[in-house]
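Visitor: My questions are about this predicted structure, shown below with the sequence.
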Amino acid sequence: SKTRKNISGKIDDVIRSHRKIDEELFDELEEILITADVGIVSTMKIIENLKEKAKDKNIADPYDIKALLKEEVKNIMLSSVDNNYIKLEPTPSLILVVGVNGVGKTTTIGKLAHNIKISGKSVLLAAGDTFRAAAIDQLMEWGNRANVEVVSHQEGSDPAAVIFDAIKKAKAKNIDVLICDTAGRLHNKSNLMNELNKIFRVVEKEYPEATKEILLVLDATTGQNAINQAKVFKEVSNITGVILTKLDGTAKGGIAIALQAELNLPIKLIGVGEGIEDLQPFDVDIFINSIFE
Amino acid sequence: MIFESLSEKLQNSLDKLRGKGKITEKDLDLALREVRLALLEADVNYKVVKDFISDIKARALGSEVLESLNPGQQVIKIVYDELTNLMGEKEEKLNFSSKPPTIILMCGLQGSGKTTTSGKLAFNLKKQNKRPLLVACDVYRPAAIKQLEVVGEKVGVPVFSMGTNVNPVDIAKAGIEHATKNGNDVVIIDTAGRLHIDTDLMEEIFTIKNVTNPNEILLVLDAMTGQDAVNVAETFNEKLDITGVVLTKMDGDARGGAALSLRSVTHKPIKFVGMGEKLDQLEPFYPDRMASRILGMGDVLGLIEKA
Ligand SMILES: Nc1nc2c(ncn2[C@@H]2O[C@H](COP(=O)(O)OP(=O)(O)OP(=O)(O)O)[C@@H](O)[C@H]2O)c(=O)[nH]1
Ligand SMILES: Nc1nc2c(ncn2[C@@H]2O[C@H](COP(=O)(O)OP(=O)(O)OP(=O)(O)O)[C@@H](O)[C@H]2O)c(=O)[nH]1
Ligand SMILES: [Mg+2]
Ligand SMILES: [Mg+2]
């Protein structure tokens, strides 16, 4: 895609404008990574390693730096994560979707429901956001679009109770995949994070047999705070992966590197638009290749 | 965490400076490196940081910093002053039209908080004895109209809508006519979230602007926005000549460097900050607080006072 070609193009420009490998070259590479939201800690680490390796390998031609950088990024992304697949087998399975406000949880659930449905599995949705104005109606509309049923209570009711009911229904109807929406919550609000705990307890207690994915949705437009979000959500729950949304914008999604490398969190899906088809699997090789080639 | 130790790091590198008596330009560069990292960690745009640091350096070199007894604190003071300056000076109020209704057009990326902020503004204006009308121009997002209706009901402000099969431009026009007829003196137009690179939707909101001639065009921006904030702010500003910014989700723990980036590329004031999901959680913007927050130093003033 366009945004990623930008990174690669920028790297090429920098390399082309340097005759030798010097501090300035590394500074400019650092700039490219930081402006892609890669994250300060990861960027510094990548550049440090890069410098060392360039020295060890006696690399003198700036042109050879690109391959080395690519290898370095790939290394730190792959060293910490086994795979990037959503695990739905064996069924029944349950996907719980969490994240801060407005990142794209409900929309992603709509897309995911559609995706899983057309793969031949039965899907049920739970309207676990009982707080935000018209959140339930929004999920119902997505249910319509994906042709999937939605379990809901009234606005203001207990979200854990909605999930409880949905699990009961999923069991009764032999549903393959139950996907639960939750209200947006900022990770620094302990009362809201505790509410999430109550939901986790219901899931554990009522659906022990289910294969579980707890997916954190992060907005690719978010900067360094995405790392904080991931850290705190990871502390309160067993986050199994990340969905990175809004990659159709000009944000570069460099945070994916930091998430996998610093927090061992696999990116499982990416959102590339507001339409029902705009959800794609994430693949490290494809991601890196599209940055560097 | 990284930024908890920032003031410590800064203090350390500055203490080293102090011990040396007279410091060199190279010493100064080292201290400014810490400032640079702090700003980058706060998501201030890379280019903005570059310019900012070179301004600071020029100012520091041009003053007596290097000769002074306490160069460290002097540097912090310069950084803090420049940052506060860049943030704007005073609390910025809304522009009202001398001929009502006053039109406020909301714009921004998806999920930034436009609909919620529209409700908050309506609530705010109602408390000032105005008679606002909310106009539902988001015909794309599922249940967007319903959301605005719920929000309107919560704050006791009427909502004008025409469903999802009408062009948003026509809804905006009809909304203003409705306001004029019904004695609403402020019209708040909620629009769909759009990417700044979505040329069709940018054209749409440009047309809404042209037919409604707003007194305020507010860009609603998430305080958590990263390096991309400059692209977003620049493009919306170029297309719409915005009058101000609302920075939302400031109740989170993002340092909010986007605020600095957008100030330096658009020079438009930040008029309000969103401090929560509830409809009374809209606050005025305080440049000095923002400067401390971006630096990640609650104790900035304390440090400077010691200088
Ligand atoms: N451009 C783009 N927009 C997206 C994407 N995913 C979601 N959105 C939009 O982002 C906005 C917020 O999406 P929601 O699904 O309501 O987000 P949420 O996380 O459920 O929000 P809350 O429930 O309020 O916390 C909507 O306007 C969506 O259409 C994406 O991948 N690309
Ligand atoms: N914590 C917090 N949440 C906020 C704030 N402002 C808005 N939100 C939340 O952010 C999410 C998105 O807000 P909306 O008002 O729907 O955003 P929008 O820009 O209208 O979204 P689209 O119409 O989909 O583009 C909701 O969950 C809001 O409750 C704020 O200041 N603080
Ligand atoms: Mg939602
Ligand atoms: Mg909206």
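Guide: Received it, and whenever you're ready, just let me know what you need. Ligands and ions are numbered 1, 2, ... in the order given.
Visitor: roughly how far apart are the closest residue to B:Gly226 other than its chain neighbours and ligand 1?
Guide: Using C-beta to C-beta, 6 or more residues apart in numbering or on different chains and skipping the chain neighbours, the partner closest in space to B:Gly226 is A:Gly223 (2.4 Å). For every residue, glycine as well, the C-beta is placed using N, CA and C. From A:Gly223 across to ligand 1, the span is 17 Å (C-beta to the nearest ligand atom, to the nearest Å).
Visitor: all helices for the stretch 101-250 of chain A, in order.
Guide: For the stretch 101-250 of chain A, helices defined by DSSP state H, counting those that start in this stretch occupy the ranges A:105-118, A:135-146, A:159-172, A:190-206, A:225-236.
Visitor: Which stretch among those helices approaches ligand 3 most closely?
Guide: When those are compared by C-beta to the ion, helix A:105-118 sits nearest ligand 3, at 3.3 Å.
Visitor: On the pLDDT front, check B:Ile23 for me.
Guide: For B:Ile23, the pLDDT comes out at 69.
Visitor: And for residue 268, the neighbour number?
Guide: By default, I'm working from chain A. If you count neighbours by other C-beta atoms under 10 Å in any protein chain shown, A:Lys268 ends up with 20.
Visitor: wait, chain B
Guide: 21.
Visitor: cool, and A:Lys212?
Guide: 16.
Visitor: what about the spatially closest residue to it that is not a sequence neighbour, helix or strand, and which?
Guide: Spatial nearest neighbour of A:Lys212, excluding adjacent residues (C-beta to C-beta, 6+ apart): A:Leu94 at 5.3 Å. Assigned by DSSP states H and E, A:Leu94 falls within strand A:93-98.
Visitor: Which neighbouring elements make contact with that strand?
Guide: helix A:105-118, strand A:177-182, helix A:190-206, strand A:211-219 (3 or more C-beta pairs under 8 Å, 6 or more residues apart in numbering or on different chains; DSSP states H and E).
Visitor: Would you mind finding the most buried of these?
Guide: Sort the helices and strands packed on strand A:93-98 by mean neighbour count, taking mean count of other C-beta atoms under 10 Å in any protein chain shown, and strand A:177-182 sits at the top with a mean of 27.
Visitor: ok, that one near ligand 3 or not?
Guide: No. Figure legend: strand A:177-182 not in contact with ligand 3 (C-beta under 5 Å from the ion); closest approach 5.9 Å.
Visitor: Show me what that strand is packed up against.
Guide: If contacts are counted by 3+ C-beta pairs under 8 Å, 6+ apart, strand A:177-182 sits against strand A:93-98, helix A:105-118, strand A:123-128, helix A:159-172, helix A:190-206.
Visitor: Pretty sure A:Phe287 sits in a helix.
Guide: Yes. Assigned with DSSP: H, G, I helix; E, B strand; the rest coil, A:Phe287 falls within a helix.
Visitor: Spatially, what comes nearest to it if we skip its sequence neighbours?
Guide: In space, A:Phe287 is closest to A:Ala256, 6.6 Å off (C-beta to C-beta, 6+ apart).
Visitor: In the stretch 51-200 of chain A, what residue comes closest to chain B?
Guide: A:Gly102 (3.1 Å; C-beta to the nearest C-beta).
Visitor: so what's the closest residue to ligand 2 within the stretch 201-307 of chain B bridging to?
Guide: Closest residue of the stretch 201-307 of chain B to ligand 2, C-beta to the nearest ligand atom: B:Gly274 (2.5 Å). Counting by DSSP bridges, B:Gly274 forms beta bridges with B:Leu282.
Visitor: ok so, going back, right, so of the helices and strands packed on strand A:177-182, which gets closest to ligand 2?
Guide: Using C-beta to the nearest ligand atom, those put helix A:105-118 closest to ligand 2, at 8.3 Å.
Visitor: which other helices and strands contact that closest one?
Guide: strand A:93-98, strand A:123-128, helix A:135-146, strand A:177-182, strand A:241-245, strand A:267-271, strand A:279-281.
Visitor: The ones you listed into TSV, with extra columns for distance to ligand 1 and mean pLDDT?
Guide: Formatted as TSV, the helices and strands packed on helix A:105-118 follow (distance: least, C-beta to the nearest ligand atom, whole Å; pLDDT from 0 to 100):
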stretch	distance to ligand 1	mean pLDDT
strand A:93-98	8	98
strand A:123-128	10	98
helix A:135-146	5	98
strand A:177-182	7	98
strand A:241-245	4	97
strand A:267-271	3	96
strand A:279-281	8	95
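Visitor: Compare those and give me the one nearest A:Leu78.
Guide: strand A:267-271 (12.1 Å; C-beta to C-beta).
Visitor: and the closest one, what does it pack onto?
Guide: Contact partners of strand A:267-271 among helices and strands, from 3+ C-beta pairs under 8 Å, 6+ apart: helix A:105-118, strand A:211-219, strand A:241-245, helix A:255-263, strand A:279-281.
Visitor: right, so of the ones you listed, which gets closest to B:Thr248?
Guide: Ranking the helices and strands packed on strand A:267-271 by their distance to B:Thr248 (criterion: C-beta to C-beta) puts strand A:211-219 first, at 12.6 Å.
Visitor: Just the CA atoms from the closest one would do, formatted as PDB, please.
Guide: The C-alpha coordinates for strand A:211-219 follow below in PDB (Å, rounded to 0.1, in the frame of the first residue of the first chain):
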ATOM      1  CA  THR A 211     -11.200 -21.600  22.600                       C
ATOM      2  CA  LYS A 212     -10.600 -17.900  23.600                       C
ATOM      3  CA  GLU A 213      -9.100 -14.900  21.900                       C
ATOM      4  CA  ILE A 214      -9.000 -11.700  23.800                       C
ATOM      5  CA  LEU A 215      -8.200  -9.100  21.100                       C
ATOM      6  CA  LEU A 216      -7.000  -5.600  21.800                       C
ATOM      7  CA  VAL A 217      -8.000  -3.000  19.200                       C
ATOM      8  CA  LEU A 218      -5.500  -0.300  18.600                       C
ATOM      9  CA  ASP A 219      -5.800   2.700  16.200                       C
END
